[in-house]
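Asks: next come a sequence and a model predicted from it.
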Amino acid sequence: MNHLPRLRCGLSVFVLAQGCRHAARTTTCSASYAPLRSFRTSCPARAAPAPEIHMESYPAHRIRNFAIIAHIDHGKSTLSDRLLELTNTIQRHKPGDNNQVLDKLKVERERGITVKAQTVSMFYKHDGEEYLLNLIDTPGHVDFSWEVARSLGACEGALLLVDASQGVQAQSISVFHAAKDKKLKIIPVLNKIDLPAAEPERIATQIQAMFDLDPNDILNVSAKTGLGVRDVLHAIIDRVPPPNAGTNHDAPLKMLLFDSLYDRYRGVISLVSIKDGELRKGDKIASCHSRKKYEVMDLGIMHPEEVPTACLRPGQVGWIGACAATKKSGKETLIGDTFHRVGQPVEPLPGFQLAKPMVYAGVYPVDSNDFPKLEESIKRLTLTDRSVSVQRESSTALGQGCRLGFLGTLHMDVFRQRLEDEYDASVIITAPTVPYKLVYHDRTEFVSNPTDFPDINDPRVRLNEVQEPMVTASIIVPSDYLGEMMELCTSHRAQDIDYRYLDSEYQSSRIMLTCRLPLGEIMTDFFDKLKSRSSGFASFDYEDAGYQKSDLVKMTFLLNGRQVDALAFIVHRSAAENIGREWALKLRKVIPRQQFEVPIQAVVGKKVIARETISAVRKDVTAGMYGGHHERKMKKLAEQKEGKKRLKRIGSVDVPQEAFFEILSSNNKSR
Ligand SMILES: Nc1nc2c(ncn2[C@@H]2O[C@H](COP(=O)(O)OP(=O)(O)OP(=O)(O)O)[C@@H](O)[C@H]2O)c(=O)[nH]1
C-alpha cells in the first residue's frame, strides 16, 4: 500500500482554511454542506500517515462491520484504542497513557464518558488476506441507547464487553438485547482481567446464565495492558459474518444513513453503510423518506479522521459530504433513512425508528438579545445529535427560547455543556418535564410544557384524565442493598416490584430488581439517591412502558401575586406540598430583596400550598435629617410608601436572570 508523502498534511490544512472562509459565508445548516477538497482537519501526531486506499480491493467477504457494546465504563473506548493500535491505525500508546482516541468531544474527555458513537475503519492482515474492519464505539449510558441502536444497523457483529470485576450490569443486558434483536453475532469479551478484583470464572458463569452464550466463546482481555486483544481481532474475522451485500456493484444503490456530524467549518458529514451498489463522487442520490435529492460532493472512510476515497462499495461503511441538489425545502433527512440513486428507487431498509424524547426543557439565552445566535447554535448541534427535538417557545420571564426534547437528563446536561463548549452559549434551562397525556372527552393531547397544562379542577376544561409516562426499570445491586433499593423505589411511587438472584451459588450474590416507575420520578434526584444508597454499586436501566392514569397537578409560583411562567411544573398530588415548600424556600434565598415585601406563593389550582416572604429593603430616606424636620420626614416616608405601592402595583418584582439560573440549574443538578 502506498503512503502519501508528508507534504499532504500541510496542503490539507491550507485547503481547509479556504473551506473555513467558505463555510463562514454559508451558515445555513439544514442539509447544506461546505464542499472541501480535503477533509483532513489536522495532522494528528498520533495518526499514521494517510494511506491511499483502494476500496475496490475490499470485497464484502473481506469486510467485517462490528460495534463494541457494554455497560458504562466497562472499557469500550479503551479497547477501541488498543484495536486501533494493533491495526496501525494510530500509533502505539506509551504504557499508562489513556488516549481514548474516539472520545473526541470536550464533554467526553471531561466526563470520561462516550456520548457520541464513533466509526473507524481499520486494515488488518490475517492468514495472508487483508481485511477491512469497521468498528463502531458506542456510548454506554442508557440516555444514549438510541445512538447505540441505530449504530447497530450498520453492523453484523458486536463485542459485548463485560468488566470482569463488576460483572453483568443493567446496560449490559439492554445492549445485549438490542444486538440480539438486530440478529448480530455477539462475541462476549471479559475485560479488565488485570484487576486484582477480577473474577473471570464467576462472571463467565453469569454471562452464560444471563445471555445463554457458550462460556468457551468468551475472550479474556485487558484493554488497558493489551493482553488478549489480538485474539479479539481474530475472533471478529472468524466469527462475525461478512456483510450480506450484493457482489454486483452495478446493482441499484441502497445505502443506510446511520449517523451525521456537523462541523462549523466542514458542514454536514453523513455516515453511511452501503448495502448494495457503488457510490462515487458526483452521484445523484435521493432519500426514501423525504424524497429529497442530493449530489455527492466527496466521500471516504474514517481512518480515524476523514480520508477521501474514490468510491464506497457494497458492505463498506464511510462518510459522504453531499449538498442538496434542489433548493426546494422538504422534510429533513433522518437518521435511519435509506438512499438510492436518483431514478432507481429501492425498498427502504427495515428498522427505521425515530428518537422518542423522554424529557423536555426550555432553553433560553441568559441575555435575551442572544436568542438568534442561540437558535442557530442549537440547529447546528442537532445536526450532530439528531435525537434532540426542537420547537420555539417564549416565556414572559425569560423571553424567547426553544423547547427541546431529550432522551434523558444526562443527555440534556451533555447538550447544554456542548452548547457552552462548542458554541460559547450561556443558557438557562428550565426544570425538565416529561410528556403528559391529557385525555379530553373528545380528543387526546400531549403536553410537554407545564405552561400548557390546564387547571384540571376547572369543569370547563372537560378533561377526563391525565396520564403520565411509565418505564420498566431494572436495578442490579449486591443483595445486601435489597432493602434500601425497595425503599427507594417505593418512595418514588414504584409498582410491581420484583427481584431475582443473578448468581445465587456465590457468596456475594447480586440481585436484579425490576419495577414500574413513573418516568417523571427518575427525572428528580433518583440517580443520586440510587448511587448513594447503594454505595455506588447499583446500576440502573429503563425502557418505555407506556402511559398510566395518574393524579397529577400543576404547581405554579406567584411572586408578589404575579405568576412566573418559567417556574411552573407538574407534580404528583401527594408530593405537591413538600416540593412547593422546598422551592418557595429556594426562591426566597435567590431572589434579591426589593424595596417592598415580596410574598412567594406555591399554588396548586387556586390553593396556596406554601408561602415564604422576602422582606423589604428599608432604605432610610430620612437619614441626615436632624431635629425639627418632622413634616419633611413624614413626607419622605409617604413618598417611599407610594414608591413601594407603585412597584407593587406594577408587580415588577426584580428577578435577575442569575436568580433563575441559580434556581433552575441547582434544581437540574439535583435531578
Ligand atoms: N485496570 C483496567 N482498567 C481498564 C481496562 N479497560 C478500561 N479500563 C479503565 O476503565 C475506565 C473506563 O474505560 P472506558 O474505556 O472509558 O469505558 P467506556 O466503556 O468506553 O465508557 P463509556 O463510554 O462512558 O461507556 C477507564 O478509567 C479505563 O482506563 C482494563 O482492561 N483494565
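Replies: Yes, it's here. Numbers count the residues shown, from 1 in each chain.
Asks: so who does whichever residue of the stretch 501-650 of the chain sits closest to the ligand touch?
Replies: Of all residues in the stretch 501-650 of the chain, S539 sits closest to the ligand, at 11.6 Å by C-beta to the nearest ligand atom. Where you see a C-beta, it was placed from the backbone N, CA and C, and this is true even at glycine. With C-beta atoms under 8 Å, 6 or more residues apart in numbering as the criterion, the residues that contact S539 are 71-72, 169-171, 475-477.
Asks: quick check: the farthest pair among those residues?
Replies: With C-beta to C-beta as the measure, no two of the contacts of S539 lie farther apart than I72 and V477, at 15.3 Å.
Asks: okay, these two: which has more neighbours?
Replies: V477 (25 against 20; other C-beta atoms under 10 Å).
Asks: what is the burial count for the residue nearest to E445 when sequence neighbours are not counted?
Replies: Using C-beta to C-beta, 6 or more residues apart in numbering and skipping the chain neighbours, the partner closest in space to E445 is L438 (4.7 Å). Number of residues near L438 (other C-beta under 10 Å) recorded here: 20.
Asks: again, but for T119
Replies: For T119, using other C-beta under 10 Å, the count is 25.
Asks: please pull out the lowest mean pLDDT helix or strand from the protein.
Replies: The weakest-scoring helix or strand in the chain, judged by mean pLDDT, DSSP states H and E, is helix 7-25 (a mean of 26).
Asks: what's the mean pLDDT across the next helix or strand after that one?
Replies: Per DSSP states H and E, helix 7-25 leads on to strand 63-70 as the next helix or strand towards the C-terminus. Mean pLDDT, computed over strand 63-70, is 95.
Asks: does the ligand sit close to strand 63-70?
Replies: Yes: contact of strand 63-70 with the ligand (C-beta under 6 Å from any ligand atom) involves A70.
Asks: elements contacting the very next helix or strand once past that strand?
Replies: Under the assignment DSSP H and E, the closest C-terminal helix or strand after strand 63-70 is helix 76-86. In terms of contacts (3 or more C-beta pairs under 8 Å, 6 or more residues apart in numbering; DSSP states H and E), helix 76-86 is packed against strand 63-70, strand 118-126, strand 129-137, strand 157-163, strand 185-191, helix 229-239.
Asks: wouldn't L410 be in contact with H141 here?
Replies: Yes: between L410 and H141 there is a contact under C-beta atoms under 8 Å: 5.8 Å.
Asks: so which residues on the protein come close to the ligand?
Replies: Contact residues, the chain versus the ligand (C-beta under 6 Å from any ligand atom): 70, 72-78, 98, 100, 112-114, 139-140, 191-192, 194-195, 222-224.
Asks: show me which of those are buried.
Replies: Among these, those buried by neighbour count (16 or more other C-beta atoms under 10 Å) are 70, 72-78, 100, 113-114, 139-140, 191-192, 222-224.
Asks: can you name the residue of this structure nearest the ligand?
Replies: Closest point on the chain to the ligand, by C-beta to the nearest ligand atom, is G140, at 2.5 Å.
Asks: wait, isn't that residue in contact with D73?
Replies: Yes: using C-beta under 8 Å, G140 is in contact with D73, at 6.6 Å.
Asks: what do those two both touch?
Replies: With C-beta under 8 Å, 6+ apart as the test, G140 and D73 both reach I113.
Asks: tell me the mean pLDDT over the helix or strand M486 falls within?
Replies: Element membership for M486, per DSSP H and E: helix 482-491. Mean per-residue pLDDT for helix 482-491: 94.
Asks: who are the packing partners of that helix?
Replies: Going by 3+ C-beta pairs under 8 Å, 6+ apart, helix 482-491 lies up against strand 463-478, strand 495-501, strand 510-518, helix 526-533.
Asks: let's see it at 6 Å
Replies: strand 510-518, helix 526-533 (3 or more C-beta pairs under 6 Å, 6 or more residues apart in numbering; DSSP states H and E).
Asks: now those in TSV, with mean pLDDT and mean neighbour count?
Replies: Shown next, in TSV, are the helices and strands packed on helix 482-491 (pLDDT from 0 to 100; neighbours: other C-beta atoms under 10 Å):
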stretch	mean pLDDT	mean neighbour count
strand 510-518	93	21
helix 526-533	85	16
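Asks: on the three-state scheme, the closest residue to P252 other than its chain neighbours is what?
Replies: Nearest residue to P252 in three dimensions, chain neighbours excluded: Q344, at 4.2 Å (C-beta to C-beta, 6+ apart). Secondary structure assignment for Q344 (DSSP: H, G, I helix; E, B strand; the rest coil): coil.
Asks: how close does P432 get to G520?
Replies: 9 Å (C-beta to C-beta, to the nearest Å).
Asks: quickly list what's touching both of these two.
Replies: By C-beta atoms under 6 Å, 6 or more residues apart in numbering, P432 and G520 have no common neighbours.
Asks: domains in this protein, by residue range?
Replies: Using automatic domain parsing, the domain ranges for the chain come out as 1-52, 55-239, 246-354, 359-430, 437-550, 553-670.
Asks: the residue nearest the centre of the chain sits in which helix or strand?
Replies: The centroid of the chain falls nearest to H411 when counting by C-alpha atoms, centre = their mean (3.6 Å). Using DSSP H and E, H411 falls within helix 409-423.
Asks: check which residues of the helix or strand following that helix are buried.
Replies: On the C-terminal side of helix 409-423, the nearest following helix or strand under DSSP H and E is strand 427-429. Residues 427-429 are the ones in strand 427-429 that count as buried (16+ other C-beta under 10 Å).
Asks: same deal with stretch 488-502?
Replies: Under 16+ other C-beta under 10 Å, the buried positions of stretch 488-502 are 488-489, 492-494, 499, 502.
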